[in-house]
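Asker: sequence plus the predicted model coming up.
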Amino acid sequence: MSGQSASLPQTRRTGWTLPASRIDRLVLVGDSLAQEVSPILQFLTPGKTPVSKFWGGTAPCDWLGVDLEATRRSVVVITFTGNSLTDCMVGPDGRHLADEALVEQYRYDVGQLIDTARRAGARVVLVGQPHRAPSFEAELEVEGINAMYREYAQRFRFVSYVDAGRAVETVDGSFAERLPCTVHDIDCAPDDTTVVRGDGVHFCPVAGENPCSVWSSGAFRFGIVIASAANNPRPFD
């Protein structure tokens, strides 16, 4: 059950190690969106050994105490979109956390993941999440999580923030089911658009599929932004 302080964790920065100059390992920590983008990240980050620490439906608290297998030559990519389905996201009232309480629990738990990664000497990349379809009523949670990610990146050295969510949104930052095709898209409709969010949350055009059996433009767009930061985190610090 959840019961941690809602305030920023007191990370023990005195034990943090400087990263190595070269990165040769990518640790991906996250939920189903991480799972969707994983094959694309492997393709776009050559020379980096992939380490999978993701599972659909999980929250940051599900990965506390898990060996991230991070080293000084690692970049740890953390991407969680707001799940509250597992036991560690149950509040004192016996219900799964939502809204502000969810954001505050994520704040604490992501802080612990950052501390674990930085103690190993790894760089950290926090991934901004895309807005969901309005029917999910998750605006407060997504915006709160992204604000928390930005805050950590501003606060700590070798912790970066990259807004990959914007790659699958409209120009004004709103939810988009379809977007204009790019040169990478092989499934362009007659109106020159392609599906980027198949079910309002996930990228696959076929709802419920993960891994996706067809071209997923949303996963590619999300992944290419993450890869840019994973390959060279310094400009995003």
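Answerer: Looks like it arrived, so ask away.
Asker: look at the residue lying closest to residue 29 once chain neighbours are set aside and say how many residues are nearby.
Answerer: Nearest non-adjacent residue to residue 29, counting by CB to CB, 6 or more residues apart in numbering: residue 53, 4.4 Å away. In short, each C-beta sits where N, CA and C put it, glycine included. Residues within reach of residue 53, counting by other CB atoms under 10 Å, total 21.
Asker: likewise for residue 178?
Answerer: By the measure other CB under 10 Å, the count of residues near residue 178 is 16.
Asker: can you give me the strands in the chain?
Answerer: For the chain, the strands defined by DSSP state E cover 25-30, 49-54, 74-79, 123-127, 159-162, 178-180, 193-195.
Asker: what about this structure, any weak spots by pLDDT?
Answerer: Counting by pLDDT under 70, the chain contains low-confidence residues at 1-14.
Asker: now do the helices in it.
Answerer: Secondary structure of the chain (DSSP state H): helices located at 32-44, 99-119, 139-155, 217-231.
Asker: now these in JSON lines, with mean neighbour count and distance to residue 132?
Answerer: Listed next are the helices of the chain as JSON lines, based on neighbours: other CB atoms under 10 Å; distance: least, CB to CB, whole Å:
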{"stretch": "helix 32-44", "mean neighbour count": "21", "distance to residue 132": "11"}
{"stretch": "helix 99-119", "mean neighbour count": "21", "distance to residue 132": "14"}
{"stretch": "helix 139-155", "mean neighbour count": "18", "distance to residue 132": "6"}
{"stretch": "helix 217-231", "mean neighbour count": "23", "distance to residue 132": "12"}
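Asker: in CSV: those, plus distance to residue 131.
Answerer: Shown next, in CSV, are the helices of the chain (distance: least, CB to CB, whole Å):
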stretch, distance to residue 131
helix 32-44, 13
helix 99-119, 15
helix 139-155, 5
helix 217-231, 13
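Asker: report the contact partners of the residue positioned nearest the centre of the chain.
Answerer: Central residue of the chain (CA atoms, centre = their mean): residue 79, 1.3 Å from the mean position. Counting by CB atoms under 8 Å, 6 or more residues apart in numbering, residue 79 touches 28-31, 33-34, 37, 126-127, 129, 164, 226.
Asker: I am finished for the moment; much appreciated.
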